[in-house]
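Visitor: just to be clear, the model below is a prediction. Sequence and coordinates:
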Amino acid sequence: MRSLVMAFSLFQTALASAIGEAFNPLSADPLLTANYGLSMGLAILGGTLFWLQFRGQDRDEDKLNMLPTVSGGDCFWSDGRAWLMQVLGTCWHGPPS
């Protein structure tokens, strides 16, 4: 598992290096306006797409945080995971005492 995580990390580093190498020709400009302008545009685009994708998460998080705790018999479920525990047929007996 550790090697898989490291592989993903190194892959992302390789992609970042490739993007940096692709922008090297833009560095010939003495004022670097094209380089910084392109970086700014990509950052604005990425931020906007991120906001559009996850804008409803805050509202949903507040609803999910207010879910009641469900207990039944000798089982104890919290954090809104009761449906998952019921589907899996397992119980969580609470924190260790």
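Guide: All right, it came through fine. None of the values given here were measured: they were computed from a predicted structure.

Visitor: how near is the nearest residue in space to Leu26 that is not next to it in sequence to Gly46?
Guide: Sequence neighbours aside, Asn35 is the residue nearest to Leu26 in space, at 4.3 Å (criterion: CB to CB, 6 or more residues apart in numbering). Backbone N, C-alpha and C define where each C-beta goes, glycine included. Distance, Asn35 to Gly46, using CB to CB, to the nearest Å: 17 Å.

Visitor: now do the domain split for this structure, please.
Guide: When the chain is parsed with automatic domain parsing, its domains come out as 2-55, 57-97.

Visitor: hey, least reliable of these by pLDDT?
Guide: The stretch with the lowest mean pLDDT among the domains of the chain is domain 57-97, at a mean of 62.

Visitor: tell me how many other residues crowd the residue nearest to Leu26.
Guide: Counted with other CB atoms under 10 Å, the neighbours of Asn35 add up to 16.

Visitor: contacting residues around it?
Guide: Going by CB atoms under 8 Å, 6 or more residues apart in numbering, Asn35 touches 23, 26-27, 29.

Visitor: does it belong to a helix or a strand, and which?
Guide: Element membership for Asn35 (DSSP states H and E) is helix 33-54.

Visitor: export the helix or strand following that helix to CSV, keeping only CA atoms.
Guide: Next in sequence after helix 33-54, counting helices and strands by DSSP H and E, comes helix 57-65. Written as CSV, here are the backbone C-alpha positions of helix 57-65 (Å, rounded to 0.1, in the frame of the first residue of the first chain):
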residue,chain,number,x,y,z
GLN,A,57,-21.1,20.1,0.0
ASP,A,58,-21.2,22.7,2.8
ARG,A,59,-25.0,22.6,2.9
ASP,A,60,-25.0,18.8,2.8
GLU,A,61,-22.4,18.6,5.5
ASP,A,62,-24.5,20.6,7.9
LYS,A,63,-27.4,18.3,7.3
LEU,A,64,-25.3,15.1,7.8
ASN,A,65,-23.7,16.5,11.0
